[in-house]
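1. show me how the following folds:
(one chain, ligands or ions: 2)
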Amino acid sequence: MTATLIDGKAFAAEVRQKVATHVTRLRDENGITPGLAVVLVGEDAASQVYVRAKGKMTTEVGMNSFEHKLEADTSEGDLLALIAKLNADPSVNGILVQLPLPAHLNEDLVVNSIDPAKDVDGFHISNVGRLGTGQKSMVPCTPLGCLMMLREFHGSLSGLNAVVIGRSNIVGKPMASLLLGDSCTVTIAHSRTKDLPSVVRAADIVVAAVGRPEMVTGDWIKKGATVIDVGINRIPAPEKGEGKTRLVGDVDFASVKEVAGAITPVPGGVGPMTIACLLANTLTATCRANGLAEPEGLTA
Ligand SMILES: NC(=O)C1=CN([C@@H]2O[C@H](COP(=O)(O)OP(=O)(O)OC[C@H]3O[C@@H](n4cnc5c(N)ncnc54)[C@H](OP(=O)(O)O)[C@@H]3O)[C@@H](O)[C@H]2O)C=CC1
Ligand SMILES: Nc1nc(=O)c2c([nH]1)NC[C@@H]1CN(c3ccc(C(=O)N[C@@H](CCC(=O)O)C(=O)O)cc3)C=[N+]21
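-> Ligands and ions are numbered 1, 2, ... in the order given. Predicted coordinates for the structure are as follows:
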């Protein structure tokens, strides 16, 4: 058996197109252009690539993109002052501080200084609490993108067994909340889970967010299960030439696709959906800030 490929890249393009249509309407009918501010501290090469891609897609959907690149040794006070300025700026509807931050900066403090209404990552303690209690919130982009793909593929998720591998605040935990919200029976697995393969074998839906290249193999997967691969791992690819690398997920695509019913690829799966959901969240935040109706199908 070969699994159906869930094409995140194509789906993300559709989401961005929907966002662009709403942005045009906001401009024409309300004279509003949503603005997204991205703050990058330090020179991490991978982060720079990602920030550039976000900036390009932000302007492509007709939003304003504001990039703030700060030195790696920026003080906490200077970073908090920038965030305060962005919080107060009416042309900024969304604020994203690229994580991880350099070690001398307190991530919780920084994230919780963002105005929750502009917290398009959904990492602020108030948004986390709202999501956990089923109140309207900003929903973290990566889990939201996974949920959109699952809903598109399955229709209803009600009663399905979902196993989320990974319990980070940015992926695993919010993913589990969203799946519970859609009435899945949810198990969260992590590095202390006993006999992970047999836990995963019970799942109709597997979301792998571990950060270990190709860890989940075909013999862990129930026949016909849906597998969402969040992992982004760069590994050496000597076959492409000396010093070359390639991107792989947390799922061993080759063996899993023979057993699963559906699977997302890496690249071209969750990654593009994450950026599309960031733009969707920025649009949602703009509508809420202006007391306008929210676009349908772009939030949880
Ligand atoms: N596509 C996208 O848009 C995004 C992709 N990512 C990618 O997703 C992956 C996960 O990211 P993130 O959640 O931030 O990672 P973290 O490192 O914060 O969390 C990893 C989780 O995996 C668990 N884990 C580690 N090793 C094992 C193991 N051997 N067996 C079972 N569980 C294990 C850890 O358990 P414990 O808590 O016990 O230590 C932890 O809960 C990474 O590859 C990252 O690059 C992340 C964000 C966005
Ligand atoms: N505050 C914050 N919010 C984030 O959402 C956030 C973050 N910090 N820090 C880093 C992680 C990682 N992340 C990715 C998003 C898109 C791709 C993506 O588009 N990947 C492409 C491939 C890109 C490539 O070729 O390198 C794909 O999977 O097809 C990857 C990774 C968001 N993150």
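2. with adjacent residues omitted, what lies nearest to Ile6?
-> Thr264 (4.7 Å; Cβ to Cβ, 6 or more residues apart in numbering). All C-beta spots, glycine's among them, are computed from the backbone N, C-alpha and C.
3. list the contacts for the one you found?
-> When contacts are counted by Cβ atoms under 8 Å, 6 or more residues apart in numbering, Thr264 touches Leu5, Ile6, Gly8, Met149, Val227, Ile228, Asp229, Gly249, Val270.
4. equivalent analysis for Gly261, please.
-> Ala3, Thr4, Lys223, Gly224, Ala225, Thr226.
5. what secondary structure does the closest residue to it other than its chain neighbours sit in?
-> Nearest non-adjacent residue to Gly261, counting by Cβ to Cβ, 6+ apart: Gly224, 3.9 Å away. Secondary structure state of Gly224, per DSSP: H, G, I helix; E, B strand; the rest coil, is coil.
6. with the one 4 residues further on instead?
-> Ile228 falls in the strand class when you classify it by three-state DSSP.
7. and what of Tyr50?
-> On the basis of three-state DSSP, Tyr50 is classed as helix.
8. how about the residues of this protein near ligand 1?
-> 142, 165-168, 170-172, 189-193, 196, 209-212, 230-233, 250, 270-271, 274 (Cβ under 6 Å from any ligand atom).
9. now, those that are in helices?
-> Thr142, Gly172, Leu196, Val270, Gly271, Thr274 (DSSP state H).
10. so what pLDDT did the third one get?
-> According to the prediction, Leu196 has pLDDT 98.
11. what number of residues lie near it?
-> 18 (other Cβ atoms under 10 Å).
12. how about the second one?
-> One way to gauge burial is a neighbour count; for Gly172, by other Cβ under 10 Å, it gives 23.
13. check contacts around the nearest residue in space to it that is not next to it in sequence.
-> Nearest residue to Gly172 in three dimensions, chain neighbours excluded: Gly166, at 3.8 Å (Cβ to Cβ, 6+ apart). Residues near Gly166 by Cβ under 8 Å, 6+ apart: Gly172, Ala189, His190, Val207, Ala208, Ala209, Val210, Gly211, Val230.
14. buried ones from the residues you listed, can you make that a ChimeraX selection?
-> Those of the contacts of Gly166 that count as buried under 16 or more other Cβ atoms under 10 Å are selected in ChimeraX with:
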select :172,189,207,208,209,210,230
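15. okay, and which of the contacts of Gly166 map to strands?
-> Ala189, Val207, Ala208 (DSSP state E).
16. tally of neighbours for the residue of the chain found nearest ligand 2?
-> In the chain, the residue that lies nearest ligand 2 is Gly271 (2.3 Å; Cβ to the nearest ligand atom). Around Gly271 there are 25 other residues, counting by other Cβ under 10 Å.
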